[in-house]
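>>> below is the sequence, then the predicted model.
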Amino acid sequence: MEAELKRVAKRAIPGFRSVDPKRAGEQALIYPFSPELAWAAMHYLRTPSRVIWQLFETRARRLEPLYDELMELILEDQRGWLSDGLGVSVYERETHDFPAGPKQIVGTVKNAIIDAARHRGMKVELDPERPDLLVSVRGTPPAIGIDLFGGSMHERGYRLAHGEAPLRENVAAQILMLARWDPRTEALYDPMCGSGTLPIEASLMAEGAPLLRAPRAPLGAGLPVFAGVKKPTLPLFPGDPPPILGSDLDRDSLDRARGNAQRAGAKTRTHFFEADLRQMDAAALHAELARAWPGRALPSSGLLVANPPYGERLGDKDDEALLELYADMRELAKRLDWRAAYIVDHPEFERIIGLRPVLKKPVPNGKLRAYLYVYDRPSVASVADRL
């Protein structure tokens, strides 16, 4: 997330100066609030699941003090996020150490917001279905903030069709960032693309496309704090990205991938085709490239990226066909001589690939916890790297 924010902010915010964030656990970064930075984050960042404008840090560890403290804070607050006629929804996360249930915590925060608004001459109502403002309650003692995107950021809106085991969109973006894919110089190929999430996210990331396209916008975009923010011109990174390709043996999956790419605005920058990865090599990729973009040269380097089945989601961990698939992936990387990145969780995977990964990192994918393995080109891997 930190690397992506720097990349986006340098292009989106004139005169941007990087600030080192505080780290809150394994999956959260805290930056000093800046309207420009928050605007760029909620419109362009592809790796986070939430962007939250933290309003208040409370000291409360019981419900009554939480209500009283939040009432006082809201009554004194002049940042303009509260206004007459708002519909508000509240959710909680990571409050398991608070001595009350999630519904009680949400109800207390909701009541404090509505009552404080009434004291300020405003009418604010609870609207869980179509809120104007989504309020986040996190941690113990609870921190209160506004969910600026208005929900989980992995739901981009383009993936109306997906297969049996879809990869979350923000996890796909995390894989690309962690693998250090360079969209200026490296091609990208997913040999088992499914609904196309990895190639589509690669295309949108290379262009610097917004998470959502008009007329839909992040829920917090209309807050007064953003009135003076200079809105960047799209795309953030104009130009021609390198070839981005995806293949699959399942024709229904390919139809879904093409439809998703069209809705995402990535159709002209991605190419999906039917193929068996066991028969793919550089010559076959060149042939597909010639069909998709006549006259285009394939870069000498690229990233092979895949989200293969690994037992928990599809198949069985002891299935011999699964182990053969991993061996086929190893041979494909050798034939292409490309770097490779795989998200997988299988006890035999590293042994079958046979190289020491340059990066092995746990990456949550919804309720599953897999590992991201990133490998160097097989031709440059040293003897010492072979397991």
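Alright, I've got the coordinates.

>>> what domains does the record give for the protein?
Domain ranges of the chain: 2-147, 169-385, per automatic domain parsing.

>>> and the first one, average pLDDT?
Rounded to a whole number, the mean pLDDT of domain 2-147 is 94.

>>> show me where the stretch 201-350 of the chain has helices.
251-264, 282-292, 320-336, 349-353 (DSSP state H, counting those that start in this stretch).

>>> now do the first one: distance to the chain's middle.
Translated: helix 251-264. Distance, stretch centre to chain centre, for helix 251-264: 19 Å (Cα atoms, centre = their mean, to the nearest Å).

>>> please apply the same query to the shortest one.
Its chain's C-alpha centre and that of helix 349-353 lie 27 Å apart, by Cα atoms, centre = their mean.

>>> list the buried residues for it?
349-350, 352-353 (16 or more other Cβ atoms under 10 Å). (Glycine included, C-beta is placed from N, CA and C.)

>>> and the contacts of that helix?
With Cβ atoms under 8 Å, 6 or more residues apart in numbering as the test, helix 349-353 has contacts from 310, 323, 326-327, 329-330, 342, 357, 373, 375, 387.

>>> could you flag which of those residues are buried?
Buried among the contacts of helix 349-353 (16+ other Cβ under 10 Å): 310, 323, 326, 329-330, 342, 357, 373, 375.

>>> which residue is nearest the middle of the protein?
N170 (1.6 Å; Cα atoms, centre = their mean).

>>> I'd assumed E155 was in contact with that one.
No - under the criterion of Cβ atoms under 8 Å, N170 makes no contact with E155, lying 9.2 Å away.

>>> and the two most separated of the buried residues of helix 349-353?
Distances among the buried residues of helix 349-353 were taken as Cβ to Cβ; the most separated pair is E350 and I352, at 7.4 Å.

>>> quick one: contacts for M329?
Here M329 is in contact with 191, 277, 306, 308, 340, 342, 353 (Cβ under 8 Å, 6+ apart).

>>> ok, H154 next?
With contact taken as Cβ under 8 Å, 6+ apart, H154 is in contact with 49, 168-171.

>>> what is the end-to-end distance of stretch 2-21?
8 Å (Cα to Cα, to the nearest Å).

>>> phi and psi next, for L126.
phi -80, psi 130 (degrees, to the nearest 10).

>>> spit out the contact partners of it.
87-89, 110, 114.

>>> one more: R23?
Contacts of R23 by Cβ under 8 Å, 6+ apart are 29-30.

>>> equivalent analysis for F16, please.
Going by Cβ under 8 Å, 6+ apart, F16 touches 9-10, 36-37.

>>> now swap in L304 and tell me
189-191, 332-333, 336, 338-341 are the contacts of L304 under Cβ under 8 Å, 6+ apart.

>>> what do you get for S247?
The contact partners of S247, by Cβ under 8 Å, 6+ apart, come to 189-193, 254, 272-275, 277, 280, 288.

>>> what is it paired to in the beta sheet?
F273 (DSSP bridges).

>>> use 469 as the first number from now on
Sure, I'll start numbering at 469, so the last one becomes S715.

>>> low-scoring stretches of the stretch 619-768 of the chain, by residue?
Low-confidence segments of the stretch 619-768 of the chain (pLDDT under 70): 629-633, 682-683.

>>> where exactly do the strands run in it?
Taking DSSP state E, counting those that start in this stretch, the strands of the stretch 619-768 of the chain run over residues 655-658, 712-716, 739-742.

>>> can you list contacts of the last one?
Right, strand 739-742. 661, 664, 667, 711-717, 719, 722, 725-726, 729, 756-757, 759-761.

>>> in PyMOL, how would I select the buried members of those residues?
In PyMOL, this line selects whichever of the contacts of strand 739-742 come out buried by 16+ other Cβ under 10 Å:
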select buried, resi 661+664+667+711+712+713+714+715+716+722+725+726+729+756+757+760
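
>>> before we move on, back to that, could I get the strands of the stretch 619-768 of the chain as JSON lines with distance to L550?
What follows is these, written out as JSON lines (distance: least, Cβ to Cβ, whole Å):
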{"stretch": "strand 655-658", "distance to L550": "45"}
{"stretch": "strand 712-716", "distance to L550": "44"}
{"stretch": "strand 739-742", "distance to L550": "47"}
